[in-house]
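Participant: Sequence and predicted structure are below.
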Amino acid sequence: MKIRLLNMAVLTLIISQSAIVFATPTTSNSVKDESEKILPNDNKEALLDETAKKAPNCTVDCGAEEIASIATPAPAPAPAPAPAPAPINCTSMLDTDADQDGITLRYDACPYTEEGASVDATGCSDKNIIGTVYFETDSSSLNKEALAALGKVVAKFTEGENQHLGAKGYADPRGNVEYNQNLSFRRAKNTVAYLKEQGISANSLSIAAMGEENTSSRLSENRRVDIYASQYKADDQPRNAGTMACDNQLDSDDDGDGIPLRLDACPHTPVEKKVDVTGCPVREVLGSIYFETNSSAISTEASITLDTVKTAADADSGKSLIIKGYADSRGPSEFNKRLSSQRSSAARNYLINSGIAEDRLRVDAIGAVDNNKALKENRRVDFFLE
């Protein structure tokens with residue numbers, strides 16, 4: 001009996017241990033199942049199902065990079081850069097009239113004139129003069145008195161109010177007319193250079209060279225620079241932006257002949273050529289036409305010469321045709337400047353109507369000259385091929 005009970009106890013113990021052995025894997029499997037729910041990479045199929053909902057085009061090969069790209073969209077492409085502005089042809093721009101006052105930019109000291117305003121031959125009105133500086137004979141240097149006068153101009157100038165300053169240079173009537181033209185330019189240029197040094201922007205300044213002046217009995221009052229102030233609206237700036245952008249270039253001397261582009265009627269003269277004070281080769285005039293007193297009308301004789309000039313220009317089509325207008329020395333210099341410009345323009349228009357391309361023509365107005373004994377020989381237009 002005792003032996004039987006002992007056997008039963010042993011059997012019970014064995015069964016109990018077996019139960020423990022069998023229960024342990026069950027517990028282990030339960031922990032592993034929970035681990036599979038925690039570790040996403042072990043449950044790829046479920047994750048792909050979720051991915052497919054967000055990105056229907058994703059295939060079964062989608063990996064971590066594809067999944068990450070869904071959460072973080074690709075950045076938008078950068079905008080295309082703005083096209084570079086077209087280069088400005090400053091030489092051609094000299095012969096345009098930006099503010100439509102009848103004065104081309106070559107001679108317009110006040111390029112922001114309001115439409116309809118009454119202006120002189122330089123595009124300015126005397127009522128807008130805010131300062132004047134005077135010079136010694138044959139000099140373009142600013143003396144002590146000139147610097148004091150310019151200091152007052154700087155004090156009056158308020159750049160924030162869209163003001164523009166125009167400097168008009170003059171020389172007294174002694175000496176060579178064309179030399180005086182260049183001297184008047186140097187005086188205006190030095191005046192503007194000083195204003196720039198005082199902090200006035202180059203975009204607010206312009207230059208006009210008037211040549212010799214004989215409006216005062218005192219020679220010292222003719223050796224001067226007048227400074228004009230004008231005001232423009234904000235929307236005027238784009239209209240004249242080209243003028244301002246060309247300012248430094250117009251003061252340069254690309255062909256090295258000593259004549260700045262602003263005054264150089266032949267800006268591409270070869271360095272070996274001798275030039276006059278307008279930058280054109282000496283004694284290489286293609287032809288000349290002459291005018292009646294105070295007139296810019298093309299006469300019958302002048303039209304014959306113009307036809308000859310056109311034929312010569314057509315035969316050398318690779319060159320530009322330079323047109324230089326003059327007036328005799330009688331009358332005010334500003335009137336003569338305008339008249340010489342009108343004569344050049346009349347010749348230009350005739351040649352354009354005759355078939356010469358407009359972009360081959362370059363117009364220059366010298367103003368009054370007195371280098372011929374006969375006055376009628378000073379009332380002329382000369383032509384050069386360059």
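Facilitator: Received, thanks. Keep in mind the model is a prediction, meaning the values are calculated, not measured.
Participant: Check which helices and strands the helix or strand hosting Lys337 sits against.
Facilitator: For Lys337, the element it lies in under DSSP states H and E is helix 333-353. Applying 3 or more C-beta pairs under 8 Å, 6 or more residues apart in numbering; DSSP states H and E, one finds that helix 333-353 contacts strand 205-212, helix 300-315, strand 321-327, strand 361-368, strand 380-385. Just so you know, the C-beta spots here come from the backbone N, C-alpha and C atoms, and that holds for glycine as well.
Participant: which residues in this structure form strands?
Facilitator: Per DSSP state E, the chain has strands spanning 129-134, 163-171, 205-212, 224-231, 287-290, 321-327, 361-368, 380-385. These are given in chain order.
Participant: Now do the buried residues in the third one.
Facilitator: The one in question is strand 205-212. For strand 205-212, a neighbour-count test (16 or more other C-beta atoms under 10 Å) marks 205-212 as buried.
Participant: for those residues, which one is nearest Glu301?
Facilitator: Using C-beta to C-beta, Gly211 is the member of the buried residues of strand 205-212 that lies nearest Glu301, at 28.2 Å.
Participant: residues near the residue lying closest to the closest one once chain neighbours are set aside, how many?
Facilitator: What sits nearest to Gly211 in space, not counting adjacent residues and going by C-beta to C-beta, 6 or more residues apart in numbering, is Gln181, at 4.0 Å. When neighbours are defined as other C-beta atoms under 10 Å, Gln181 has 24 of them.
Participant: Quickly note the distance from Gln181 to Ala365.
Facilitator: 10 Å (C-beta to C-beta, to the nearest Å).
Participant: returning to that earlier point: now, which of the buried residues of strand 205-212 sits nearest Thr122?
Facilitator: Ala208 (4.6 Å).
Participant: coming back round to it: okay, angle between the helix holding Lys337 and strand 380-385 too, please.
Facilitator: With axes from the mean of the first three to the mean of the last three C-alpha atoms, to 10 degrees as the basis, helix 333-353 and strand 380-385 are set at 50 degrees to each other.
Participant: Show me what counts as buried in helix 333-353.
Facilitator: Of the residues in helix 333-353, 333-348, 350-351 count as buried by neighbour count, 16+ other C-beta under 10 Å.
Participant: go on, stretch 146-163?
Facilitator: By neighbour count on 16+ other C-beta under 10 Å, the buried set for stretch 146-163 is 146, 149-150, 153, 157, 163.
Participant: ok, these vs Leu361, which is closest?
Facilitator: Distances from Leu361 to the buried residues of stretch 146-163, taken by C-beta to C-beta, are shortest for Gln163, at 34.8 Å.
Participant: I figured that closest one hits Ile227, correct?
Facilitator: No - Gln163 is not in contact with Ile227 according to C-beta atoms under 8 Å; the separation is 11.4 Å.
Participant: Okay, domains of the protein per the record?
Facilitator: Domain assignment for the chain by automatic domain parsing gives 1-29, 39-79, 103-250, 287-385.
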